[in-house]
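Trainee: Compute the structure for the input listed below.
(one chain, ligands or ions: 3)
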Amino acid sequence: MDSIHCCSSVSAINSRSFDSSNSKSLTLNLRNGFASISNPKVGSSLAPMGTFGNAQPKIVTGDAGYVLEDVPHLADYIPDLPTYHNPLQDNPAYSVVKQYFVNDDDSVAQKIVVHKSSPRGTHFRRAGPRQKVYFESDEVHACIVTCGGLCPGLNTVIREIVCGLNYMYGVNRVLGIAGGYRGFYSRNTTSLTPKVVNDIHKRGGTILGTSRGGHDTSKIVDSIQDRGINQVYIIGGDGTQKGASVIFEEIQRRGLKVAVAGIPKTIDNDIPVIDKSFGFDTAVEEAQRAINAAHVESESIENCIGVVKLMGRYSGFIAMHATLASRDVDCCLIPESPFYLEGPGGLFEYIEKRLKENGHMVIVMAEGAGQELLSESMRYADKQDASGNKLLQDVGLWISQKIRDHFSTSKRMGITLKYIDPTYMIRAVPSNASDNVYCTLLAQSAVHGAMAGYTGFTVGPVNGRHSYIPFYRIIERQNKVVITDRMWARLLSSTNQPSFLSPEDIIEDKKEEAPQSQLLNGESGRDDEAFEKVISNAC
Ligand SMILES: Nc1ncnc2c1ncn2[C@@H]1O[C@H](COP(=O)(O)OP(=O)(O)O)[C@@H](O)[C@H]1O
Ligand SMILES: O=P(O)(O)OC[C@H]1O[C@](O)(COP(=O)(O)O)[C@@H](O)[C@@H]1O
Ligand SMILES: [Mg+2]
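Mentor: Ligands and ions are numbered 1, 2, ... in the order given. Here you go, the predicted structure:
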């Protein structure tokens, strides 16, 4: 294949050719083993050396519509960096591995369902250890920070970064940054060794602490520079990865030999491109306990409704998966699927029908569901948290009151309602066994990437293979449940709830919505046709 030679060409060309003034993306064209560079806006003109910056996509194209959305490398902006043998080669634990190192040519396809005439489409660089590394063991001074809300598995990722750096690469200097981004410039650091982190994976939360807000790029990069840190591991959600992206740009602007690696964290599973986020399975499992309780309560009393509120600010994945797993849920409400209360086809009508049929019911709702109904009825001003995320009102309390009011004023039927709010309980628990293994792979992939000199990337599985994904792909949108997709239809068919949509709504929705990434089926979330047009124009 051609791109194995091209990787070194990519680096060589990148270090001289990026134009930050007016280009959005630069394309390396790798047909028949020859690399040529083209830019959709400025043709083949090359910018002067040293102007690479502002997170421009690094695109490599190949035969049959092959596109690699590559990640930056330290060699892109620092010329003549020395390389070293990967110490893994001498590690007895890995001596049994047939192929020590990932081939530089390996990439992971974003779409695995293809037609015989489909172009090969978008790929990401495969994660894993490389033959050559760009850091010597005792040169590495790493740091780890956790930002945003809690998520099961944070401590496991911290543990595995520390142990991975130490056991695989002989790195002894790892700093923990306390309390999220602001900790870089306002808190003391902790030294993290394999001994210190030995059993932290058994605890929920993050031993480092976390926070929202407080992202001051230049103070953070000053702190990185002043402390002599050269590998930065940033664990956090969409907001955190946006922050990581600007930190990376500033580091690059200053020309520092500092690798920035993002590890995606979010209980809501709202990060695009990757298959799913760590801690999600644990959260769904934990949510079963609340749903079971709601079911037991509602089953025991005539005409009883159990209402469970779960996390999910903009995306209803936890509610959807918890509902699908439980089979005891009669109605699941998520932010992506608007619903209404009164009249034919509304929630009240369905509740009445279900109680008449079954004598009890369970409703699961994501906290972001129906917020537009609450805002209307409560004239609630838009408020935000320190990171700029919308602050939500308690939709569970609101809907519980609405249901009680409806049935007491209409005198149609006496009901009892039990409201269970386990929101923080499902994310404060330690990660389960499969999430622990997943966290280990994420951490090790991040370590291999940074040691190999890659930077400005988020690591994550794409169709089951760990990959390095450029920040811009991670932060360009949020992953959402697609209600015109088969997974949501499965849910509707398992609960038998109304879709709250008219046939016209469904047609409109199909027309308007770009295909979104969906947990488990790995569809692309971006308008790939438009993107492929840009690529083919560029070539
Ligand atoms: N657009 C942005 N640019 C820089 N930093 C950001 C941005 N959005 C969020 N952040 C920072 O990322 C951190 C976590 O963001 P937040 O949205 O709270 O959680 P999460 O990363 O889990 O989505 C906060 O410290 C916040 O200041
Ligand atoms: O009360 P907090 O800590 O701000 O967290 C609440 C929010 O955190 C979330 O779990 C999402 O957090 P992140 O964006 O940090 O991943 C939402 O589901 C929830 O709305
Ligand atoms: Mg977020």
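Trainee: most centrally placed residue in the chain?
Mentor: Ile271 (2.9 Å; CA atoms, centre = their mean).
Trainee: list the contacts for the residue of the stretch 1-150 of the chain found nearest ligand 3?
Mentor: Closest residue of the stretch 1-150 of the chain to ligand 3, CB to the ion: Gly148 (5.7 Å). Bear in mind the C-beta positions are built from the backbone N, C-alpha and C, glycine included. Gly148 is in contact with 180, 210, 212, 236-237, 239-240, 265-266, 387, counting by CB atoms under 8 Å, 6 or more residues apart in numbering.
Trainee: show me which of those residues neighbour ligand 3.
Mentor: For ligand 3, the contacts drawn from the contacts of Gly148 by CB under 5 Å from the ion are 237, 239.
Trainee: Between which two of the contacts of Gly148 is the distance greatest?
Mentor: Farthest pair in the contacts of Gly148 (CB to CB) is Gly180 and Thr266. Separation: 14.7 Å.
Trainee: Those two: which is more packed in?
Mentor: Per other CB atoms under 10 Å, whichever of Gly180 and Thr266 has more neighbours is Thr266, with 29 against 26.
Trainee: sorry, back to before: so the residue nearest to the centre of the chain is in contact with Gln241, correct?
Mentor: Yes - between Ile271 and Gln241 there is a contact at 7.4 Å, judged by CB atoms under 8 Å.
Trainee: shared neighbours, those two?
Mentor: Listed as contacting both Ile271 and Gln241 by CB under 8 Å, 6+ apart are 264, 458, 474.
Trainee: Enumerate the residues of the chain near ligand 3.
Mentor: Going by CB under 5 Å from the ion, the residues of the chain near ligand 3 are 237-239.
Trainee: Only the buried subset of the residues you listed, as a ChimeraX command please.
Mentor: Provided next is the ChimeraX selection string for whichever of the residues of the chain next to ligand 3 are buried by 16 or more other CB atoms under 10 Å:
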select :237,238,239
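Trainee: picking up where we left off before, which element, helix or strand, includes the residue nearest to the centre of the chain?
Mentor: Under DSSP states H and E, no helix or strand contains Ile271.
Trainee: Between the residues of the chain next to ligand 3, which sits nearest ligand 2?
Mentor: Gly237 (3.6 Å; CB to the nearest ligand atom).
Trainee: What residues are bridge-paired with Val362?
Mentor: According to DSSP bridges, the residues that bridge with Val362 are Gly306.
Trainee: mind listing what it touches?
Mentor: 291, 294-295, 298, 305-308, 326, 328-331.
Trainee: Looking from ligand 3, tell me which residue of the stretch 151-300 of the chain is nearest.
Mentor: Counting by CB to the ion, the stretch 151-300 of the chain gets nearest ligand 3 through Gly237, at 3.7 Å.
Trainee: In contact with that residue: list those residues for me.
Mentor: By CB under 8 Å, 6+ apart, the neighbours of Gly237 are 147-149, 151, 264-266, 268, 270-271.
Trainee: same thing but 7 Å
Mentor: 148, 265-266, 271 (CB atoms under 7 Å, 6 or more residues apart in numbering).
Trainee: Among the residues you listed, which pair sits farthest apart?
Mentor: Greatest spatial distance in those: Gly148 and Ile271, 11.2 Å, computed using CB to CB.
Trainee: helix, strand or coil for Pro422?
Mentor: Classification of Pro422 using DSSP: H, G, I helix; E, B strand; the rest coil returns coil.
Trainee: Contact partners for Thr217?
Mentor: 246-247, 250.
Trainee: Pull out the buried residues from those.
Mentor: Neighbour counting with 16+ other CB under 10 Å marks 246-247, 250 as buried within the contacts of Thr217.
Trainee: Around ligand 1, pick out the residues from the stretch 301-450 of the chain.
Mentor: 387-389 (CB under 6 Å from any ligand atom).
Trainee: Please repeat the previous calculation with a cut-off of 8 Å.
Mentor: Residues of the stretch 301-450 of the chain that fall close to ligand 1, judged by CB under 8 Å from any ligand atom: 385-389.
Trainee: so which of the contacts of Gly237 are also by ligand 2?
Mentor: Of the contacts of Gly237, the ones that also sit near ligand 2 (CB under 8 Å from any ligand atom) are 148, 265-266.
Trainee: Return, as residue ranges, the portions of the chain with sub-threshold pLDDT.
Mentor: 1-55, 376-381, 502-539 (pLDDT under 70).
Trainee: need the residues of it near ligand 1, please.
Mentor: By CB under 8 Å from any ligand atom, the residues of the chain that approach ligand 1 are 147-149, 151, 180-182, 211-215, 217, 236-243, 245-246, 265-266, 385-389, 475.
Trainee: Of those residues, select the buried ones using a PyMOL command.
Mentor: Buried residues among the residues of the chain next to ligand 1 (16+ other CB under 10 Å), as a PyMOL selection:
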select buried, resi 147+148+149+151+180+181+182+211+212+213+214+215+236+237+238+239+240+241+242+243+245+246+265+266+387+389+475
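Trainee: Keep only those of the residues of the chain next to ligand 1 that are in helices.
Mentor: Members of the residues of the chain next to ligand 1 lying in helices (criterion: DSSP state H): 217, 238-243, 245-246, 475.
Trainee: If you count contacts, what does the strand or helix carrying Tyr438 end up packed against?
Mentor: According to DSSP H and E, Tyr438 maps onto helix 433-451. For helix 433-451, the packing partners by 3 or more CB pairs under 7 Å, 6 or more residues apart in numbering; DSSP states H and E come out as helix 154-163, strand 259-264, helix 280-300, strand 457-462, strand 465-470.
Trainee: Reformat those as CSV; add mean neighbour count.
Mentor: Output for the helices and strands packed on helix 433-451, formatted as CSV (neighbours: other CB atoms under 10 Å):
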stretch, mean neighbour count
helix 154-163, 26
strand 259-264, 28
helix 280-300, 20
strand 457-462, 27
strand 465-470, 25
